[in-house]
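K.L.:
coordinates only, sequence not included:
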């Protein structure tokens, strides 16, 4: 009798798919350095979910995702990474060098997919872009390599640009290469540089005031988690001092920043799903080449330009992918 009951139960489970799902449903870890409650970050999650759907995965049906968010507190990343490792997820998806490193320090066996990351070779995450060689692969945003391009855009919109301030943070592991990119661009165009470190949120407004008093006519914000976390204060301080500023992330422009130029981050999160699928199908991260972005976006906030008394040249506006009015 018991055998008949068990046999009937198995038949029901197989018919409904519940048995297969309970045994074989992949489990992902998804780690965000910032807040999952903000719209820009929710859009990245949606892009990743869309990418999964294109690969045939539906969250809650044939795939499970464990979400963790540091809410801008980088010191939380190691603990959150450890939680995902302890859950023995099949793949961990994350973005940003601080989060990638936190995961790397917790596991060398669970596959890790970078939704975005700057200079993964120089940062020690992969051996090479063509053959990563370890448990990490994914996409690189090459953000620090675009710093020179951002400098050139500032020179196009600010007449007679003679001095530019650079705002950077020590926690950014790529600050050295990013600074060199700006220094090379400034030297080529004969522009003087002022360098300011973002030591804490408390010194941001003072830094912008000092820039202005020192003769800076524009500012480049180097990419990094610290700047992203405190973007509201940075944008406010730039506007207060009427300093044109350019950023790597459109999230700054959407809250009042002047201009951003960088890879389309939602595309990177959508593409990350392709990497997840390949790994779940049996491919090794060590053998999957790291992908570089091919789509970039220029976002301009015309309202902010008017507030600080700046006229954006028509040829620059014509190249913008989005203009906020």
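P.N.:
That came in fine, so what should we check first? Note that the coordinates shown come from a computational prediction; the quantities given were computed from them, not determined experimentally. Numbers count the residues shown, from 1 in each chain.
K.L.:
got phi/psi on residue 109?
P.N.:
phi -120, psi -40 (degrees, to the nearest 10).
K.L.:
how many neighbours does it have?
P.N.:
The local packing of residue 109 (other C-beta atoms under 10 Å) involves 9 other residues. In this view, the C-beta of every residue, glycine as well, is placed from N, C-alpha and C.
K.L.:
and the nearest residue in space to it that is not next to it in sequence, how close does it get to residue 101?
P.N.:
With sequence-adjacent residues excluded and distances taken as C-beta to C-beta, 6 or more residues apart in numbering, residue 109 is closest to residue 135, at 6.1 Å. Here the criterion is C-beta to C-beta, to the nearest Å. By it, residue 135 lies 13 Å from residue 101.
K.L.:
picking up where we left off before, for the residue nearest to residue 109, list the residues it contacts.
P.N.:
107-112, 285-286 (C-beta atoms under 8 Å, 6 or more residues apart in numbering).
K.L.:
among those residues, name the ones in strands.
P.N.:
Using DSSP state E, residue 112 are the members of the contacts of residue 135 that sit in strands.
K.L.:
check which element follows the one helix or strand residue 268 maps to along the chain.
P.N.:
Following DSSP states H and E, one finds residue 268 within helix 265-280. Per DSSP H and E, the first helix or strand lying C-terminal to helix 265-280 is strand 296-301.
K.L.:
which parts of that following strand are buried?
P.N.:
297-301 (16 or more other C-beta atoms under 10 Å).
K.L.:
coming back round to it: quick check, nearest of the contacts of residue 135 to residue 37?
P.N.:
Using C-beta to C-beta, residue 112 comes nearest to residue 37 of these, at 24.1 Å.
K.L.:
my guess is that closest one contacts residue 102. True?
P.N.:
No: using C-beta atoms under 8 Å, residue 112 makes no contact with residue 102, being 10.5 Å away.
K.L.:
between these two, which one's more packed in?
P.N.:
Legend: neighbour count by other C-beta under 10 Å for residue 112 and residue 102, higher for residue 112 (30 against 24).
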